[in-house]
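> turn this into a structure:
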Amino acid sequence: MTRKIAITGPESTGKSQLSKQLADHYGTVWVPEFARDYIDTLGRPYEEGDILTIAHGQLNRERDLEQQANKYLFCDTDLLVTKIWSDVAFKRCDPWILESLATQTYDLYLLCNIDTPWEYDPQREHPNMREHLFSLYNNEMLERGWNFRVVSGLGKERLQNAIKIVDNCFTT
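Sure thing, here's the model as predicted:
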């Protein structure tokens with residue numbers, strides 16, 4: 001059985017790096033963030049409808065890579081990211097994302113803490129909203145009763161903390 005683990009949280013919290021590192025550690029594959037590739041090739045500023053396209057693309061990527069997973073599948077972002085992104089950018093979210101979010105299932109969510117320095121990237125928009133965004137993620141997961149843990153630490157410490165969480169959740 002493959003355990004699906006979503007790496008989620010605000011921008012610039014190391015989700016992509018942590019997803020790749022965890023996959024390397026456990027000898028499996030990871031699902032890169034679809035939004036990054038999509039926006040890089042868009043050729044214009046993203047619009048509200050693009051978020052729905054991104055949500056579908058992320059799930060398709062996840063389904064494709066799940067067949068290659070070895071015990072764990074680490075997913076760089078999930079539909080919660082698209083929901084919060086849409087809510088913040090457009091003050092609403094597509095009903096399909098909301099319906100799909102209500103039924104998405106991961107065995108564990110790793111919520112990346114905002115203790116890492118924010119780094120500029122043309123796709124990042126909210127350096128001054130990190131605490132607010134983190135609380136949105138945390139509150140959503142609490143309200144939904146999801147199995148999640150907050151991952152903190154810098155560099156190798158963050159990876160080691162994530163490994164301890166995964167091991168404690170699935171090997172004891």
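> could you give the bridge partners of the nearest residue to Y26 once chain neighbours are set aside?
Among residues not flanking Y26 along the chain, Y72 sits closest, at 5.0 Å (Cβ to Cβ, 6 or more residues apart in numbering). Every C-beta, even on glycine, is put in place using the N, C-alpha and C of the backbone. In this entry, Y72 is beta-bridged to R3, N70, by DSSP bridges.
> same check, this time on the one 4 residues further on
D76 has the following beta-bridge partners by DSSP bridges: I7.
> circling back: pretty sure the residue nearest to Y26 contacts I5?
Yes. Assessed by Cβ atoms under 8 Å, Y72 is found in contact with I5 at 6.1 Å.
> who has more neighbours out of these two?
Each of Y72 and I5 has its neighbours counted (other Cβ atoms under 10 Å); I5 has more, 27 against 21.
> the more buried one: helix or strand, and which one exactly?
Element membership of I5, judged by DSSP states H and E, is strand 3-8.
> hey, where'd the helices end up in the chain?
Counting by DSSP state H, residue ranges of the helices within the chain are 15-26, 34-40, 48-66, 79-90, 95-103, 130-144, 156-170.
> and the ones you listed: which comes nearest V150?
Taking Cβ to Cβ, helix 130-144 is the member of those nearest to V150, at 7.5 Å.
> report the buried residues of that closest one.
Judged by neighbour count using 16 or more other Cβ atoms under 10 Å, the buried positions of helix 130-144 are R130, L133, F134, L136, Y137, E140, M141.
> list the helices and strands it packs on?
Helix 130-144 makes packing contacts with helix 79-90, strand 108-112 when contacts are defined by 3 or more Cβ pairs under 8 Å, 6 or more residues apart in numbering; DSSP states H and E.
> deepest of the ones you listed, which one?
When you average the neighbours per residue for each of these (mean count of other Cβ atoms under 10 Å), strand 108-112 leads with a mean of 23.
> about what we covered before: mutual contacts of Y72 and I5, please.
A shared contact of Y72 and I5, defined by Cβ atoms under 8 Å, 6 or more residues apart in numbering, is any residue touching both; here these are L22, V166.
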